[in-house]
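Chemist: Only the shape, not the letters, is given here:
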């Protein structure tokens, strides 16, 4: 497409203006839905983008911006958010914001004194008609047609009707009545006397009143029970005068509360300590096993006298190439206590059927076996690369001196590849420290400890423990899980520091 | 090549072969077993590694064709395996493209342009990679459920949210592409600039076409990375028909509902293509993978 030069010069600014206007429109919409934080993020991103793509001084950042912005928004921000959540009581009991919790309570209604009506609902196209009959006096009222809305209250006036008036159409079947209950409950029928009735049962309308009204001082007056509710900013609940909390709770900051709980509350501290020890042991032993196996294989496969090395190499590489989630689940099936092929073989050969999934020691051994199977090819490849770099004349000299293969391995190979290998070993340790996929797919942390109040498994790593706490069996305690995640963050950061240091040493050696 | 050869060498070579063959057997056993199980009739079948009766019922299950139930009726399988595979491929293709879009330009800036904070930005990106997303799952879940309040298409249980969540992990890709750019002589671009090309044109018309091989590797890496990703997907996806293969596969092996044979067929169906691609492309992939370290 060719444009005349003046138009061409206008093109970029015009497009930029359109993009900015679009983004601002988006921000307005998002702000209107109440997601202030999200609106601010979009606004800030747009502003920075606008500055970077118009200023000449920030030319290089035009190339960097998309990538860095994605990393900041989807990697850094979740981390910071995790730290933040760790200082709150965010959980399934305290899920809503204060504003939403208040709105929820204010919208609650209760059934007030007054006449109740037997009701019938009739379909009229997409709308509904109502017929209400006073159970005591027998007076009949009709209302509608009116369109019920599940999202907001709709008011409709009712008029008196003769008791023997014909039905205005087919009555709504029970199934649809139940399906549309939410919308029907939002109908507020105004009786001729001015009284309001709402749906209180499938075939019943009765006067209902808002249960709570908000007062200027932040408390809520309870019309049904009397008295007032006051928000408790420590526990995150509205409380009655005698201190009884009222659902739903709201999210409040609890300061260091979650951290004090992890390290002092006995029911949490005990599993935390044991799981921490197992996590370290698991990561350490995995690295030891996978590295020793990988290193020995690398030495063997670097041996010129051995034929068919490329075939061996290809076959031994396979565990690395098969997607992890598949091989882990395959092992889950093979290790099955009753029908698994591994137990069938062990039973025919030795007459034993180890209970891999119900005995803590066996479950841990199984995890280590599977993880070694998964991890050794990587170490093998790395070691092969490092061994290739060792000058051959070193081995010549040792052969002349009459040294055997073991001496070569321990005196030449290992000392020479130890330094460059260390940073990779540390990152492998850090990876297995957080090897959530393996635990989650193979044992899911089971078998559980029998003596803890919070569900915790003998094979749980710290990460899978927090996952269970947040998303599975212990009541969605997001705040507590985030606090433990923060502790793991710090541990990983410490491991990182060590790794950076060893990398520097390894690189200094190269020069 | 060692000139001095020990007399006992022949025995040692033999011992090495035996050890390697045993190990290869241990490595291949689970893989061959799965193929075998996928062809056996029934979900609790036992037998030899080469099945005596070949039955395709599990493959029919994996492909979503009607299978004969216990009472003899033909029923449609209740686990939508092909749907999951398609979801995986969709998410993986989208995140492969996003990874390319985001990392090619960033790598260009790091390789060719000078700007303040370059070193800090590079190390920062690399450090980020060390913190696994598992640790931020609570936050990721909370953030996407809030985004979902405003844009349901990007909320929980949407594939786009998954692509967005993966889009931040580009540090390794940036690093790999940057390394490749640096092997291309600067002079070629300089020549283009002398002819009047802007830096953008030099990048777009000169450097990018030369980098196509590494870009394909990055696409593959991001593709495979998204297919095998489990933690974030398990938190963000809810409904059965929205799951990816990595999350859905878990559904086969519950205590109450143990579909071992059906799992085997689905595992071969979804795992084999990835494995083959990985083995074929290993020469290029390993260099990219070893730069950062670990298998996910």
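Modeler: It's in. All of these numbers come straight from a predicted model, not from anything done at the bench.
Chemist: which intervals of the stretch 51-200 of chain A have sub-threshold pLDDT?
Modeler: Scanning the stretch 51-200 of chain A with the threshold set as pLDDT under 70 gives A:165.
Chemist: Could you list the residues of it in contact with chain B?
Modeler: Neighbours of chain B within the stretch 51-200 of chain A, by CB under 8 Å from any CB of the partner chain: A:59-61, A:63-64, A:66-68, A:70-79, A:81-82, A:85, A:90. All C-beta atoms are positioned from the backbone trio N, CA, C, and that covers glycine.
Chemist: So residue A:119: helix, strand or coil?
Modeler: strand (DSSP: H, G, I helix; E, B strand; the rest coil).
Chemist: For residue A:285, give me its contacts.
Modeler: Counting by CB atoms under 8 Å, 6 or more residues apart in numbering or on different chains, residue A:285 touches residue A:368.
Chemist: before we move on, which element is it in?
Modeler: When elements are assigned from DSSP states H and E, residue A:285 belongs to helix A:266-301.
Chemist: Can you name the residues in contact with the next helix or strand after that helix?
Modeler: Proceeding N to C from helix A:266-301, the next assigned helix or strand is helix A:309-321, under DSSP H and E. Identification of contacts with helix A:309-321 by CB under 8 Å, 6+ apart yields A:297, A:301, A:303, A:327, A:373-374, A:376-378, A:380-381, B:20, B:23-24, B:27-28, B:31, B:274-275, B:278-279, B:282, B:295.
Chemist: next one: stretch B:82-92
Modeler: For stretch B:82-92, contacts defined as CB under 8 Å, 6+ apart pick out B:62-64, B:159, B:162-163, B:166, B:222-224, B:226-227, B:233, B:241-249, B:269-270.
Chemist: Filter those residues down to the buried ones and hand me the PyMOL line.
Modeler: Only the buried members of the contacts of stretch B:82-92 enter the following PyMOL selection, criterion being 16 or more other CB atoms under 10 Å in any protein chain shown:
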select buried, chain B and resi 62+159+162+163+166+222+223+224+226+227+233+242+243+244+245+246+247+248+249+269+270
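Chemist: Also within reach of chain A: list those from the contacts of stretch B:82-92.
Modeler: Among the contacts of stretch B:82-92, chain A is touched by B:166, B:224, B:227, B:245-246, B:249, B:270 when using CB under 8 Å from any CB.
Chemist: If we only consider those, which is nearest to residue A:502?
Modeler: Distance to residue A:502, by CB to CB, is smallest for residue B:224 among these, at 28.6 Å.
Chemist: Okay, strands next: where are they in chain A?
Modeler: A:109-111, A:117-124, A:127-134, A:140-146, A:154-161, A:187-190, A:196-201, A:204-206, A:208-210, A:212-214, A:220-222, A:228-232, A:237-239, A:245-246 (DSSP state E).
Chemist: With mean neighbour count added, can I get those in TSV?
Modeler: Converted to TSV, the strands of chain A look like this (neighbours: other CB atoms under 10 Å in any protein chain shown):
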stretch	mean neighbour count
strand A:109-111	16
strand A:117-124	19
strand A:127-134	20
strand A:140-146	19
strand A:154-161	14
strand A:187-190	19
strand A:196-201	19
strand A:204-206	21
strand A:208-210	16
strand A:212-214	17
strand A:220-222	18
strand A:228-232	18
strand A:237-239	22
strand A:245-246	16
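Chemist: do you know which of those lies nearest residue B:55?
Modeler: strand A:117-124 (52.1 Å).
Chemist: how near is residue A:128 to residue A:115?
Modeler: The gap separating residue A:128 from residue A:115 is 22 Å, by CB to CB, to the nearest Å.
Chemist: before we move on, back to that, list only those of the contacts of helix A:309-321 flagged as buried.
Modeler: Neighbour-count burial within the contacts of helix A:309-321 applies to A:297, A:301, A:303, A:327, A:373-374, A:376-378, A:380-381, B:20, B:23-24, B:27, B:31, B:274-275, B:278-279, B:282, B:295; the criterion is 16+ other CB under 10 Å.
Chemist: where does chain A have low pLDDT?
Modeler: A:1-4, A:165, A:473-474, A:510-511.
Chemist: the domain parsing of it - what is it?
Modeler: Chain A breaks down into these domains under automatic domain parsing: A:5-85, A:111-210, A:263-510.
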